[in-house]
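1. Show me how the following folds:
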Amino acid sequence: MEKTNMPPQDIRLLAIDIDGTLLNPQKHVTPCTRTAIQAAQQQGIIVTLATARRYINTAPIAQELGITIPVILCDGALIIEHPDGGVLHRQVIEAAVAQQAVEILVRHGVQPVVHHINGMIEETWTGLSEYDNEWVTEYFATFPDHMQRLPYIACCTGQPDPLRVVAFTSEEIVHRLIPEISLLDCAWNMTRRGSYGTAELTIMHTACSKASGVQALARQLAIPLEQVMAIGDNNNDIEMLQSVGWGVAMGQAPDNVKAIADVVTTSNAEDGVALAIERYALRASSHAPSNSFNRATCL
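-> As a prediction, this is how the structure comes out:
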């Protein structure tokens, strides 16, 4: 898709990352951001979430924002209807490849976290506790339901294809893992500091990313990618920001994320999402009866 330096004239779908983007540093949706999202919805713009999170900790945020369309989860590996909860789309990684990733992690002393969707139940499979660290311990304590501990050889071997394999460990260890993971038939992304206070490495199907999730949802809604705007802040947002008609990076995003975006907004401590919606999504839809420039704004 050929890019221009101007936002589309008619943005019809808005995909927003959650952590570091939608949420402020205190992990809240600010009143300004909520107001901007509601204004977009009132003008007929479809708003969804595109996140590394699972449905269990995404659904409450979607509910808070009045989102009633599918949400993109697990870095694009899963799309779930909200609020009904049905699976609209999944993109799994072959179990044999996932097992290779598990074995690489174990060789480096890293506990693999394997995510599955079984019907509508989100499951976590992992190894025995010998490689637990403070970060996975916190993660397992946060999501204790539907967790299984298995011998490492059985984490993926002979099992259904999982959505992804995740490692919670130090950035130094992630950098040691990447050369070996890169040799596998997979896609991967690294977050330097995730929600659990450490680096995260996610291993997925070779064609899977938030971009593939946005593309699948846009097809379902019959919306061209040129009419999609996405907002994100981290490495796992890069493909998404590049693939849509207008990609917006948050002000605190790393330089490599800012470099590929069409524009950079303010940080998540400064209502960057609200500012981006007002400036680009509502500006592009200014022909609608409720003109954003005539509305009171908290920016």
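2. so who does residue 11 touch?
-> Contact analysis of residue 11 by CB atoms under 8 Å, 6 or more residues apart in numbering lists 45, 227, 228, 229, 245, 246, 280, 281, 284, 285. Just so you know, the C-beta spots here come from the backbone N, C-alpha and C atoms, and that holds for glycine as well.
3. Hmm, I typed the wrong one, I wanted residue 95.
-> 156, 157, 158, 159, 160, 161, 162.
4. Tally up the residues packed near residue 166, please.
-> 25 (other CB atoms under 10 Å).
5. For the nearest residue to it once chain neighbours are set aside, what are phi and psi?
-> Residue nearest to residue 166 in three dimensions, not counting chain neighbours: residue 113, with 4.4 Å by CB to CB, 6 or more residues apart in numbering. Backbone geometry at residue 113, expressed as degrees, to the nearest 10, gives phi -120, psi 110.
6. what's the spacing between residue 113 and residue 79?
-> 21 Å (CB to CB, to the nearest Å).
7. now the strands for the protein?
-> Ranges of strands within the chain are 13-16, 46-49, 71-73, 78-80, 87-90, 112-118, 121-126, 147-149, 164-169, 187-191, 199-204, 228-232, 246-249, 263-264, based on DSSP state E.
8. circling back to that earlier point, tell me which of the contacts of residue 11 is nearest to residue 54?
-> Nearest to residue 54 among the contacts of residue 11, counting by CB to CB, is residue 228 at 23.1 Å.
9. I'd say that closest one and residue 244 touch.
-> Yes. Residue 228 is within contact range of residue 244, at 4.1 Å (criterion: CB atoms under 8 Å).
10. quick one: the most centrally placed residue in the chain and residue 195, what's the gap?
-> Among the residues of the chain, the one closest to the centroid is residue 51, at 2.0 Å (CA atoms, centre = their mean). When CB to CB is the yardstick, residue 51 and residue 195 sit 10 Å from each other.
11. Common neighbours of those two, please.
-> Common neighbours of residue 51 and residue 195, using CB under 8 Å, 6+ apart, are residue 19.
12. before we move on, the earlier item: which residues does the residue nearest to residue 166 contact?
-> Each residue near residue 113 by CB under 8 Å, 6+ apart is listed here: 124, 126, 136, 139, 165, 166, 167, 168.
13. Which one of those residues sits in the busiest neighbourhood?
-> Sorting the contacts of residue 113 by how many neighbours each has (other CB under 10 Å) puts residue 165 first, at 29 neighbours.
14. Identify the residues contacting it.
-> Contacts of residue 165 (CB under 8 Å, 6+ apart): 93, 98, 101, 102, 105, 112, 113, 114, 115, 156, 202, 203.
15. Can you say which of those are buried?
-> 93, 98, 101, 102, 105, 112, 113, 114, 115, 156, 202, 203 (16 or more other CB atoms under 10 Å).
16. which of those residues lies closest to residue 260?
-> Nearest to residue 260 among the buried ones among the contacts of residue 165, with distances taken as CB to CB, is residue 202, at 18.8 Å.
17. mind checking pLDDT for the closest one?
-> For residue 202, the model assigns a pLDDT of 97.
18. Can you verify my assumption that it contacts residue 194?
-> No. In this structure, residue 202 is not within contact of residue 194 by CB under 8 Å, at 9.4 Å.
19. still on that earlier bit, list just the nearest of the contacts of residue 11 to residue 5.
-> residue 246 (10.4 Å).
20. So in terms of bridging, what pairs with that closest one?
-> On the basis of DSSP bridges, residue 246 is bridged to residue 229.
21. ok, it touching residue 277?
-> No. With contacts counted by CB under 8 Å, residue 246 stays clear of residue 277, the gap being 11.2 Å.
22. more crowded one of those two?
-> Remark: of residue 246 and residue 277, residue 277 carries more neighbours, 31 against 25, as counted by other CB under 10 Å.
23. which one is the more buried one nearest to, not counting chain neighbours?
-> Distances taken as CB to CB, 6+ apart put residue 36 closest to residue 277, at 4.1 Å, once the chain neighbours are dropped.
24. Could you double-check that that neighbour sits in contact with residue 280?
-> No. Taking contacts as CB under 8 Å, residue 36 lies outside contact range of residue 280: 10.9 Å.
25. shared neighbours, the two?
-> Contacts common to residue 36 and residue 280, judged by CB under 8 Å, 6+ apart, are absent.
26. Quick check: which ranges of the chain have low pLDDT?
-> In the predicted model of the chain, residues 1-4, 284-299 satisfy pLDDT under 70.
27. Show me how the record splits it into domains.
-> Annotated domains of the chain cover 13-90+209-294, 95-204 [automatic domain parsing].
28. Out of these, which one sits most buried?
-> The highest average neighbour count among the domains of the chain, using mean count of other CB atoms under 10 Å, belongs to domain 13-90+209-294 at a mean of 20.
29. Fine, thanks again, bye for now.
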